[in-house]
Structure formats: C-alpha cells, structure tokens
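>>> The sequence isn't on hand, but the structure is:
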C-alpha cells in the first residue's frame, strides 16, 4: 500500500517526462512554423521581372515543370551566406530556381532595382528568373516567415516541400533533387 | 512632494514602450476599425512569436496588418481573414486556437488537471483529518492547531 502510493507521483512524473520528450522530438526546428501549404497549390502571383520591370510573370507561366522558389533579399544576411550554395546547386541544372527578391527597401523604385541587381551582380545569379516582390504581398501569400525560404513546386503546381532557413548541399540533394528525380524518398 | 511624484509617474508612463503605438493606421469606418483591432490582437507575429501583429514592430507584422486591413476593406468577414492566415501559417498563428479534435487536449487538459488535483487535495485532507481524530496524544493536537 505504501509502495503503491509512492509510485503514483513517480508514475505521473514519468508520464510527464515522456510527453515532454515526445514534444521535444517532434517539434520542428526551434521556432519554425511548419507550412500547412505542403500538398496544396502554390499561391497565385503576378510580379515584375527584376531585370525587365515591364514584364510580368504569373504562376501560370511556371506550370508544367518542377521548380524551386527561393525568397531572398539583399538586406538579408542569411541569404548572403546561403548564396554560394545556391550558386553551386544551380550549376547542376536539375530544376530551375525562381528567385523572389523580397522587400528590397529604398526610397525610390529605381534604387530598389539596383539593390537587388547589385546583390546578384556582386555574388552571381543562380536564378533562372528573378521576380521583384517589393511590397511583400506574394511572400505572405506563400506563408513566408523570414528569408531565406525555399519551396519545391511540382509540375502540377503543388508545393511538395518547404525549407525555412539556409539551404545546404545535403538538403538540396535529399529534399529537392530526390523528389524531382522520383527517388524513394518522395512523399 | 506629492505633486512631484505624480509628475514623475506620468513622465514614466508616457515614456514606457506600451505608450508608443506601433500601429498608427486607422480605418475610416469605426466598425471596421474595431474589427481590425480585434483581429490584429488575435493574430500572432511570426517573427517574434510572443507578440500579436498589433503590438509587433517587425516589418512582417506591418505587412500582416496591411493584409488584414485590405481584406476588411474588401468586405471579407473576420472568419475569412482568420482562415486566410491559418491556411498559410497554421493554427498557431491564432492566439486563440479553435476547439477541434486536434486541439481538444489543449483546451481540456488544464481543467482535467485541476479536477485531478482537487480530488487528490480533498483525499489528502480527509486522510489527515482522520489521522488526527485517531490520535489522542495532546502534543499532536497542538501541532495541528
């Protein structure tokens, strides 16, 4: 009887420890919000091309092939760090990477252009296409929480993967290339 | 002396961060403004997750507020605005998550724990009272009181 009573709080403690351990294990990386967009159609957008502002690109223009969407900005330090990796993986030409130049900030429209372009001129351009999302509306539509963020969209226009934070070669191979080439990893 | 204290208090309050409105935009329609305020206090800022978008200085929070504003002006309902945010950022974007099968434990757990705790407390109290009744030694009585 006495031992039994002693076991009740111990049991409760063990139960709590298990619940918390599961919580820690299953929680996505610190503070990262899992995208509920996976398995859903990529949001509609119509944005100007960074190098030809008069030309608009829409979601429909990209349909029918795999592509990656990378939100970046010249103001974003992590994007600067990520850039060499994007340069490297883009050389394999497995799939086009569409850059969304997110919220370039400056006083005049011309200057905004220059900041995004200067960034790419200086560090190289890994993108097949760069779109200017100056007001950040498209980013919210995509559920972006912070740059850099990279999405993988399939030929049906459905988002199949989202990465928050910097991409690495390993992630690119495992999460992007493997899915595009239809390896077993595909979800 | 007392007046000096009041002046000091007023000055302190005036310079506290709470007094600085993050969001200076007001909608023309007062009813829409009220809904706007309620909604922006209900939506979590994804950059600094302890703050609502109404309180956050973050750039992204300003974009969120603009989104809410535009949707309200476009005639969307409160629920449509919430659904828009939840579709993109998940249920954790709302400070008050909806009650459904997945969140039931979240809402019910505190109540269940409170009831369990109350039952345990009552039982312990009864056992102690019974022990005291059984005990005739005056010393123990003194300890109880």
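Alright, I've got the coordinates. Quantities reported herein were computed from a predicted structural model and do not represent experimental measurements.
>>> Show residues contacting whichever strand or helix holds residue A:57.
Here residue A:57 sits within strand A:56-58, counting by DSSP states H and E. Contacts with strand A:56-58, where a contact means Cβ atoms under 8 Å, 6 or more residues apart in numbering or on different chains, come from A:44, A:45, A:46, A:47, A:48, A:49, A:129, A:131. C-beta here means a position set from N, CA and C on the backbone, and glycine is covered the same way.
>>> could you redo the last one with a cut-off of 7 Å?
Here strand A:56-58 makes contact (Cβ atoms under 7 Å, 6 or more residues apart in numbering or on different chains) with A:45, A:46, A:47, A:48, A:49, A:129, A:131.
>>> so what strands line up beside it?
Partner strands and pairing direction for strand A:56-58 (DSSP bridges) are strand A:46-48 (antiparallel).
>>> if you count residues, which helix in the chain comes out on top?
Reading this off chain A. Longest helix in chain A, counting residues (DSSP state H): helix A:2-26.
>>> actually it's chain B I care about, not the one you picked
Max-length helix for chain B by DSSP H is helix B:104-134.
>>> now it: mean pLDDT?
Averaging pLDDT along helix B:104-134 gives 89.
>>> could you check whether it is close to chain A?
No: if you take Cβ under 7 Å from any Cβ of the partner chain as the test, helix B:104-134 misses chain A, and the best it gets is 8.8 Å.
>>> Now do that helix against helix A:2-26: the angle between them, please.
160 degrees (axes from the mean of the first three to the mean of the last three Cα atoms, to 10 degrees).
>>> burial count for the residue in chain B positioned nearest to chain A?
In chain B, the residue found nearest to chain A is residue B:88; the distance is 3.5 Å by Cβ to the nearest Cβ. Residue B:88: 22 surrounding residues under other Cβ atoms under 10 Å in any protein chain shown.
>>> For whatever helix or strand it lives in, which outside residues touch it?
According to DSSP H and E, residue B:88 maps onto helix B:78-89. The set of residues external to helix B:78-89 that reach it, using Cβ under 7 Å, 6+ apart, is A:33, A:36-37, A:140, A:143, B:35, B:39, B:43, B:46, B:68, B:71-72, B:93-94.
>>> same deal with stretch A:153-166?
By Cβ under 7 Å, 6+ apart, the residues outside stretch A:153-166 that reach it are A:32, A:35, A:37-42, A:59, A:63-67, A:69, A:78, A:81-82, A:145, A:148-152, A:171, A:175, A:179.
>>> hmm, try it at 6 Å
A:32, A:35, A:37-38, A:41-42, A:63-67, A:78, A:82, A:149-152, A:175 (Cβ atoms under 6 Å, 6 or more residues apart in numbering or on different chains).
>>> residues contacting residue A:67?
Neighbour list for residue A:67: A:95, A:96, A:98, A:153 [criterion: Cβ under 6 Å, 6+ apart].
>>> Can you select the buried ones from these in ChimeraX?
Selecting only the buried entries of the contacts of residue A:67 in ChimeraX, with 16 or more other Cβ atoms under 10 Å in any protein chain shown as the criterion:
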select /A:95,98,153
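>>> Cool, thanks, talk later.
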